[in-house]
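> compute the structure for the input listed below.
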Amino acid sequence: MKTLAAIVILLFVTVFVTLGTIHNPGYVLIEHKPWSVEMPLALFALLLLATVALLYFLLHVILRVLHIPRDVGRWRLNRRVRHLQKALHTGVIKLLEGDYAGAEKDFTTDLKAGDLPGVHYLGAACAAQGQHQYERRDEYLTHAQVAPRLTLATGLLQAHLYETAREHERSLATLSALRIANPGNRTVLRLLAQRAQGLHDWSLVAQLAPELRRYRALEPAAIDAIELTAHRHLLMLATTTPGDYEDTVWRAIPKGQRQQPTLIAIYARSLIQRDAMDEAERLLTPALRQEPTDELFAAYGELRGPESLRFLSQAETWLKSAPGNPVLLLCLAKLALAANLPGKAREYAERCVRQSPGSETYAELALVMERLGDETRAREYCRRGLNLQKNRPDNRRTDATSLPF
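Down below sits the predicted model:
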């Protein structure tokens with residue numbers, strides 16, 4: 001198109017010059033003693049134009065000859081890039097079809113052009129893992145990390161491959177390093193939280209919760225659930241550790257999370273185990289007034305000591321709002337028995353059995369009957385409780401075969 005436009009312009013210029021010379025031909029005189037040349041103006045213009053065109057052609061030829069090495073190198077590079085792109089295309093198809101050996105062969109063909117080899121190394125790593133060649137996989141990943149702009153992608157793929165190969169600790173270590181190198185990356189934080197939960201690294205999960213919330217890596221409700229689960233496990237683990245380690249864990253929990261009934265119940269039970277009844281009662285009572293839950297009722301029922309009658313009186317006030325709650329009724333039965341009121345304990349336990357017969361309720365009734373001296377009924381309630389415990393679904397034997405996925 002450009003050539004055609006140039007020809008049209010040249011024709012117009014030629015026509016105008018010809019028309020001009022017809023009426024006023026003019027001439028050009030070139031004198032250089034002892035010679036002189038005289039010619040028509042039109043002929044001089046044509047010769048000048050031809051000379052310029054010839055010089056331009058010669059200059060173009062000289063430049064092309066000088067640029068031959070560069071042009072040949074560029075041509076070879078373009079051909080190699082096209083070859084690599086084709087190899088990448090066929091390698092991905094073979095990888096998806098399960099031909100891991102063929103895919104690895106395609107991915108590792110001529111890895112010497114620009115940024116493309118990094119992507120090829122990632123594909124080769126996947127293909128090597130498909131053949132369970134983990135040493136070659138790690139070698140490919142090491143080469144891919146050197147490629148520019150692929151550090152994060154390589155790390156994420158590396159963590160995924162480790163996870164698929166059940167190398168969970170290596171996956172966690174890789175994601176932890178990516179978290180340091182890429183602060184605030186949502187994908188890294190989300191995967192790291194999932195991996196930490198899978199390995200039950202609850203300390204790390206608790207540390208990640210503020211970052212997950214700050215960078216909105218997950219929905220707020222999901223982050224709250226993860227954080228609650230982490231603190232619950234840490235608190236339960238602390239209760240099995242010698243010393244008062246649970247106090248340190250409790251103080252480390254954020255104030256907002258310390259209002260959770262689940263955590264309050266666990267910490268209150270640890271206080272009860274250490275015979276800190278008053279402190280446990282001061283923790284449980286406000287929580288039950290604010291949000292009465294079965295976990296808190298169950299924890300409150302474990303209170304003992306000289307103040308058992310006061311604990312019972314306090315718990316009876318909650319019957320107005322939850323008269324048929326079996327957990328509250330069982331709590332009252334335990335408190336009445338601790339306060340040496342077996343008759344009232346029997347009343348609450350029987351009401352609990354009518355509401356929701358369970359093994360723990362029958363065990364409490366057996367204790368009441370034993371306190372009352374009724375050995376026959378105590379044995380009967382023990383038998384019923386054992387039968388219920390034995391017939392629970394999670395205690396039934398199953399012959400189902402677990403699948404490997």
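> from Leu191, how far out is the closest residue to Tyr134 other than its chain neighbours?
Nearest residue to Tyr134, sequence neighbours excluded (CB to CB, 6 or more residues apart in numbering): Ala165, at 6.8 Å. Placement of C-beta: from N, CA and C, glycine included. Distance, Ala165 to Leu191, by CB to CB, to the nearest Å: 16 Å.
> who has more neighbours, these two?
Leu191 (22 against 14; other CB atoms under 10 Å).
> ok so the more buried one is a helix residue?
Yes. Leu191: assigned to a helix according to DSSP: H, G, I helix; E, B strand; the rest coil.
> all strands for the protein, in order.
Using DSSP state E, the strands of the chain run over 27-32, 35-40.
> need these in JSON lines (columns: mean neighbour count).
Below are the strands of the chain laid out as JSON lines (neighbours: other CB atoms under 10 Å):
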{"stretch": "strand 27-32", "mean neighbour count": "10"}
{"stretch": "strand 35-40", "mean neighbour count": "10"}
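> contacts only, for Thr154.
Applying CB atoms under 8 Å, 6 or more residues apart in numbering to Thr154 gives the contacts 118, 122, 141, 144-145, 147.
> now do 6 Å
144-145 (CB atoms under 6 Å, 6 or more residues apart in numbering).
> can you pull the domain assignment for this protein?
The chain breaks down into these domains under automatic domain parsing: 84-166, 284-392.
> show the average pLDDT along the longest one.
Spelled out, it's domain 284-392. Domain 284-392 shows a mean pLDDT of 84.
> then stretch 130-147?
pLDDT averaged over stretch 130-147 gives 89.
> for that stretch, buried residues please.
130, 133, 136-138, 140-141, 143-144, 147 (16 or more other CB atoms under 10 Å).
> closest to Pro242 among those?
For the buried residues of stretch 130-147, the residue nearest Pro242 by CB to CB is Asp138; the value is 41.6 Å.
> distance of that closest one relative to Tyr162?
Distance from Asp138 to Tyr162, by CB to CB: 10 Å.
> out of the buried residues of stretch 130-147, flag the one nearest to Ile30.
Closest to Ile30, out of all of the buried residues of stretch 130-147 and judged by CB to CB, is Ala147, at 65.8 Å.
> and the closest residue to the closest one other than its chain neighbours, what does it touch?
Of all residues not flanking Ala147 in the chain, Gly118 sits nearest, at 2.7 Å (CB to CB, 6+ apart). Contact analysis of Gly118 by CB under 6 Å, 6+ apart lists 144, 147, 150.
> how far does stretch 310-319 sit from the chain's center?
Relative to its chain's centre, stretch 310-319 lies at 47 Å (CA atoms, centre = their mean, to the nearest Å).
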